[in-house]
Each structure stands twice: as C-alpha cells, then as structure tokens.
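Q: just coords:
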C-alpha cells in the first residue's frame, strides 16, 4: 500500500506534465501561425502579376467555360482547332433548325426565351411605349386566324404600297415628281437601306468610341450569281420570283414582268461595282475614316447625311457633322453615281427594298395552282438561325406519290475466268453465237451492232459469274460483307436495319481488334530478324502519314518558344552544337 507522500509526489508530477504539454502546444501553434502567415504573404512579383488578373465570379465562370470546351491533350501546333474547341465539338448538340452552333448559342437561346416571356405578358399601365408596342406586335403576329382573315390588305393600304410603281401600273405619276433623296430618307426611317448597308461598331483603332461602318449593299443573291450570263437559271428564277410576288399583290402581269426584269438588271449593275468577297479579308484596307460632313460632301449625288440623321432621330440621337464614319469600300461609292444616273426613275423606285431587308412570309401562297390544294397548314419560325432573307417555314402537305425508276447499276463480270476456264469460255462462245444468229439478219450496220451487243450482254449474264465484292479493309471478313449486304436490303425496315447495323459494328470492331493483335505479334517476332518487314507492318496498321511543318519552334527540352530573343538564342545554340559535332567528326 502506497503512502500519502507518494500520492502527493505523483500528483505533482502529473500536474507538471500537463502544464509543460499545454505550454508546448501553445508555442507550437504560435510558430505554426507565423510560418503560415509568412508563407501566405505574396511576394512582390506575384502581387504585380495577380494585379492584372481578373478574379471576379464572372471572370472565373468564363474561364471555367473556356477550359471545359478545350482539349488539353491535343497539340496546339498540330491542330489548334482541336486544342481550343475539341471538347465543344464532342459535347455540343446540333438542333435541326440551325445551320450553325457556337459557344454563344446557348446564351442566345436563353436571351430569346427571356424576351419571349417578356413580350408574351399582358401590357401594364406602367409599361414604356416600346414595351407596349412590342407586346401588341407579338400578340398580332400570334393571331394567325386574324392574319388569314385580313390577308394583305394592311400592307396595300400603306404609303409604301401606294407609291410602288409595279402595283400602280403604267400610269405611275412619279416620272414628274420623283425625288430619290426623299424616298431614301423615308425608307431609312424604317431601317431599309437602299444602295448600301451600315452597322455600328467600336472604332478599329480606338475602341472607346463607336463608328458608323458603311458597307456593300445587301442584294438578293451572292455577287457570284450576278457575274453569270443574263440567261443563267438562277437569275431567271429571281426574276420569276419577283414577278410572281408582285402579281400575288395585285400587279398587272405585263407590268410585273418588265419591272422584275429591270430590278434584276439594276442588281447586276450594283453587283459589278461591289467589292468581291476575296478582296474583303484585309481589314486595314477597309479602314477609311471620315466625318459625316465629308461623307456628304464627297458623295453629294444623294443626300446620305440627311438620311442618316432622320434614321437616328427615331431614337432621339442627333448626329453631328463630326460624327465618325468608316467607308469600307470607297471605290463602290465612286462608281455608284454612274449607276444611279443611268437608271430611270421607275427602276430606282421599284428597287427600294433589298433582299436582306425584306422578310417574305407569303412565299407559300406562290405555289402554282396545280399544287395549291396540297398545302394544308403553314407556320413560320422567324428565330431560326440561317442566313436567308426568308423566314423558315414548316407546313403540312398532302403527298402525291410518283413512281420512280431505279438508277442503272453497272454490272461487273469476272472476265478473267474466260482465260483460265475452258469450259466456261466454250459455253460463252456457243451462247453468243446462238443468240446472235437468233436475232436474224439486219441490213443496216447499226442494227447489226445492236444485235451483236445484245447477244454479248445476254450471254455474259447467263454464263460468266459476277465479280465478288472485295473488302476495302484488310481485316474485313466474308461474314461482315454478307451482313452489310443484308443490311442494305433491309433499308425499308428501320427496326431490322438497326439490329443488323449493330451486328455489323460489333463484328467490325472484333475483327479489326483481332487483326491488329495478330499484326502486333508478327511485329514482335520480326523486330530482331526482319526490320524492313516490321516497318511495313507498322505502316499497315497506323497508315502512312505526312507531317507538315507547323512553324512552331521548340527548345531542347521540348517547350514551345514564342519570345523573339529566345528564338535567336535557340538558333545560335543549335548552330554552335552543329559546329562542335562537325569538329568532332573531323578530328576523329
């Protein structure tokens, strides 16, 4: 049994141990905090570097989006498109109503959905005038029954239809009082731009200010079509389209035909003075800044300055004389004066709505009368992204079936067998002779030749076997070829076709894998004893490839060099190493 003194001694020892442990832990924690603070303190170089990096939530989300669409495993010097957008190519979906998809497509679609929700709501007393107008326009466009009821009467009652020479006919009064400046100004107010197009963008050399960019006009067709002969089918189709459109709106047939012809001729003249697409790649040649006053002074044959001012006044914006304007192609405006002066007034007034500015939603009415009852319903999709001056339309039609003849297929016979197989050769000769004699005697040489040719083909079909289908891939088997033929015959049955297609894919993958494994075994055996055969087998597996120089310069460690001084230093080192190697070879 322990004495009280021993208990007291043990208690003192335990107390001392606990105190020393607490002091040690506290000191360790303080030292850890100091070291952590010291290590977390940024250096001056890191701080200066981080000052130029955006670290907001929006920047981080954008950076993450860019990284998600990249393929870091690809070599940017070999395939930069795959490096920058590889994962986007694999993950992006392609809707059926789109002709292109970009990284901004989702954002564009979201904005459309938000805008659709806004304009679908009812008008409220506190709404702005433009909000009320948008909602009313959307509501009127969605009321298709009302549109069909009133037809095209609202357009025919506008001043634009009342002054259209084609609808007025031969008694158009504009020959005496037509004023091109007033017409252009009036149409600029509704954002229709005859003779040229324009857009607003930041300055090419000063992005802090916006400039008005004046560009080539929007024509109905690409410039290449207008360079064709006048009787080209595309130009004639455009002329027919314009004529039929005017007739549907109530124009006289003869007047519509003549005016449509004049409009196409005017577009041809305009296309001749526009700049070709291949010469629009150099953006610096398209930088020709001037002011609104200088623009009006240099091209005074039309009052373009007043038209611009009237258009911007619709948004309560006053254009000053010193407003910057960039004329992308001055040569076009220098030649435009001659085209306008040589065109009569009627043609200039008729050509007032370029193709890219007119949204034609009545094309389905222009079906010929024979097929007009086949159209049951038509709906338009104005938000679809396809470069066209027409609104894409989806309709329901009554189908009228037509018997189609199958295309002619050239039959290949195994003619080589006639040299090796005497039985087939004699049988073929006997068959040709009998068929030719049975055709009878013909007096004309052409008829004799037709009979002889017919005898040859009929005998070949009966006697000579057809050439067997050869596999394009060396790993292709006869079983796979038979499955492919069975799949081809099952195109009319979708379910059966998919089942056979799945089998074909499985067989192809399995056969290819087995073929590659066998080749790899051969390569392993040939590695020591037959290197030439080994390399041929390797090329057979991988395929012969030619690698072009990408222009990238790499250092000795494989890193890509961009800095000019480092490139010069690398070239100098390479040259010195080459000289040293030459000296070693010489001395040895």
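A: In hand now; what should we look at? Computed from a predicted model, the values in this text were never measured in an experiment.
Q: Now the closest residue to residue 295 other than its chain neighbours: phi and psi?
A: With sequence-adjacent residues excluded and distances taken as Cβ to Cβ, 6 or more residues apart in numbering, residue 295 is closest to residue 325, at 5.1 Å. Every C-beta, even on glycine, is put in place using the N, C-alpha and C of the backbone. Main-chain torsions, residue 325, degrees, to the nearest 10: phi -130, psi 130.
Q: Roughly how far does residue 325 sit from residue 294?
A: Between residue 325 and residue 294 the computed distance is 8 Å (Cβ to Cβ, to the nearest Å).
Q: Specify which residue of those two has the higher count of neighbours.
A: residue 325 (22 against 15; other Cβ atoms under 10 Å).
Q: who's the more buried one bridged to?
A: Assessed by DSSP bridges, residue 325 has beta-bridge partners residue 212, residue 290.
Q: Please list all residues in contact with the spatially closest residue to residue 413 that is not a sequence neighbour.
A: Leaving out its chain neighbours, the residue that sits closest to residue 413 by Cβ to Cβ, 6+ apart is residue 464, at 4.5 Å. By Cβ atoms under 8 Å, 6 or more residues apart in numbering, residue 464 lies in contact with 413, 414, 415, 417, 418, 424, 428.
Q: Find me the pLDDT at the closest residue in space to residue 201 that isn't next to it in sequence, would you?
A: Setting aside the residues directly before and after it, residue 201 is nearest to residue 213 in space (Cβ to Cβ, 6+ apart), at 5.8 Å. Looking at residue 213, its pLDDT reads 88.
Q: my guess is residue 213 contacts residue 204, does it?
A: No: with contact defined as Cβ atoms under 8 Å, residue 213 does not reach residue 204; the gap is 9.1 Å.
Q: ok, back up a step: most neighbours, which of the contacts of residue 464?
A: Neighbour counts for these peak at residue 428, which has 20 neighbours (criterion: other Cβ under 10 Å).
Q: Quickly note the distance from the closest residue to that residue other than its chain neighbours to residue 455.
A: Nearest-residue entry for residue 428: residue 463, 4.6 Å, with adjacent residues in sequence omitted and distances by Cβ to Cβ, 6+ apart. In this structure, residue 463 and residue 455 are 12 Å apart, going by Cβ to Cβ.
Q: Doesn't residue 199 belong to a strand?
A: Yes: according to DSSP: H, G, I helix; E, B strand; the rest coil, residue 199 belongs to a strand.
Q: Over to stretch 301-320 now: how far is its first residue from its last?
A: Stretch 301-320 has an end-to-end distance of 20 Å (Cα to Cα, to the nearest Å).
Q: and it, which residues are buried?
A: Residues of stretch 301-320 classed as buried under the neighbour-count rule (16 or more other Cβ atoms under 10 Å) are 302, 303, 304, 305, 306, 307, 308, 309, 310, 311, 319.
Q: Quick check: the farthest pair among those residues?
A: Farthest-apart pair in the buried residues of stretch 301-320 is 302 and 319; separation 16.4 Å (Cβ to Cβ).
Q: how far away is the residue nearest to residue 201 from residue 194?
A: 17 Å.
Q: The two: which has the busier surroundings?
A: Taking neighbours as other Cβ under 10 Å, residue 213 and residue 194 compare with residue 194 leading, 22 against 19.
Q: is it true that residue 395 lies in a strand?
A: Yes: counting by three-state DSSP, residue 395 is part of a strand.
Q: was I right about it contacting residue 374?
A: No: if you go by Cβ under 8 Å, residue 395 and residue 374 don't touch, sitting 9.6 Å apart.
Q: got the contact list for residue 513?
A: Neighbours of residue 513 in contact, by Cβ under 8 Å, 6+ apart: none.
Q: does residue 451 sit in a helix or strand, and which one?
A: According to DSSP states H and E, residue 451 maps onto helix 445-463.
Q: Show me what the mean pLDDT comes to for that helix.
A: Averaging pLDDT along helix 445-463 gives 86.
Q: related to what we said a few turns ago, please determine how far the residue nearest to residue 413 is located from residue 415.
A: Computed as Cβ to Cβ, the residue 464 to residue 415 distance reads 7 Å.
Q: Okay, strands next: where are they in this protein?
A: Secondary structure of the chain (DSSP state E): strands located at 197-202, 210-215, 289-291, 324-327, 375-380, 393-397, 553-554, 560-561.
Q: mean pLDDT for the ones you listed: which is lowest?
A: Across the strands of the chain, strand 375-380 gives the lowest mean pLDDT, at a mean of 66.
Q: The closest residue in space to residue 308 that isn't next to it in sequence: what's it in contact with?
A: Of all residues not flanking residue 308 in the chain, residue 319 sits nearest, at 5.9 Å (Cβ to Cβ, 6+ apart). Neighbour list for residue 319: 292, 305, 308, 309, 312 [criterion: Cβ under 8 Å, 6+ apart].
Q: and what of residue 486?
A: For residue 486, the residues meeting the contact criterion (Cβ under 8 Å, 6+ apart) are residue 500.
Q: Can you give me the distance of it to residue 508?
A: 14 Å.
Q: now do residue 292
A: For residue 292, the distance to residue 508 under the criterion Cβ to Cβ works out to 67 Å.
Q: I'd say residue 555 and residue 570 touch.
A: Yes: applying Cβ under 8 Å, one finds residue 555 in contact with residue 570, separated by 5.7 Å.
Q: more neighbours, those two?
A: Using other Cβ under 10 Å, the more surrounded residue of residue 555 and residue 570 is residue 570, with 16 against 13.
Q: Let me know whether that one touches residue 560 as I believe.
A: No: Residue 570 sits out of contact with residue 560 when judged by Cβ under 8 Å, with a separation of 11.0 Å.
Q: okay, and the common contacts of these two?
A: residue 553.
Q: Walk me through the domains of the chain.
A: As assigned by automatic domain parsing, the chain contains the domains 159-358, 361-399, 417-462, 478-542, 553-587.
Q: Pull out the buried positions in the shortest one.
A: It refers to domain 553-587. Quick answer for domain 553-587 (16+ other Cβ under 10 Å): 561, 570.
Q: Now do it: distance to the chain's middle.
A: Centroid separation for domain 553-587 versus its chain: 43 Å, with Cα atoms, centre = their mean, to the nearest Å.
Q: Ok, the longest one next?
A: Computed by Cα atoms, centre = their mean, the chain-centroid distance of domain 159-358 equals 27 Å.
Q: what does the helix holding residue 451 contact?
A: Outside helix 445-463, the residues that reach it (Cβ under 8 Å, 6+ apart) are 411, 413, 424, 427, 428, 431, 432, 435, 436, 439, 440, 442.
Q: which one of the residues you listed is nearest residue 282?
A: Distances from residue 282 to the contacts of helix 445-463, taken by Cβ to Cβ, are shortest for residue 411, at 55.3 Å.
Q: Can you pull the phi and psi angles for the residue nearest to the spatial centre of the chain?
A: By Cα atoms, centre = their mean, the chain has its centre lying nearest to residue 100, at 4.5 Å. Torsion angles at residue 100 (phi, psi; degrees, to the nearest 10) stand at phi -160, psi 160.
Q: Out of the domains of the chain, flag the one nearest residue 66.
A: Nearest to residue 66, of these and by Cβ to Cβ, is domain 553-587 at 19.6 Å.
Q: Starting from residue 185, give me the distance back to the closest residue to residue 181 other than its chain neighbours.
A: Among residues not flanking residue 181 along the chain, residue 303 sits closest, at 4.3 Å (Cβ to Cβ, 6+ apart). From residue 303 over to residue 185 the distance is 7 Å, taken as Cβ to Cβ.
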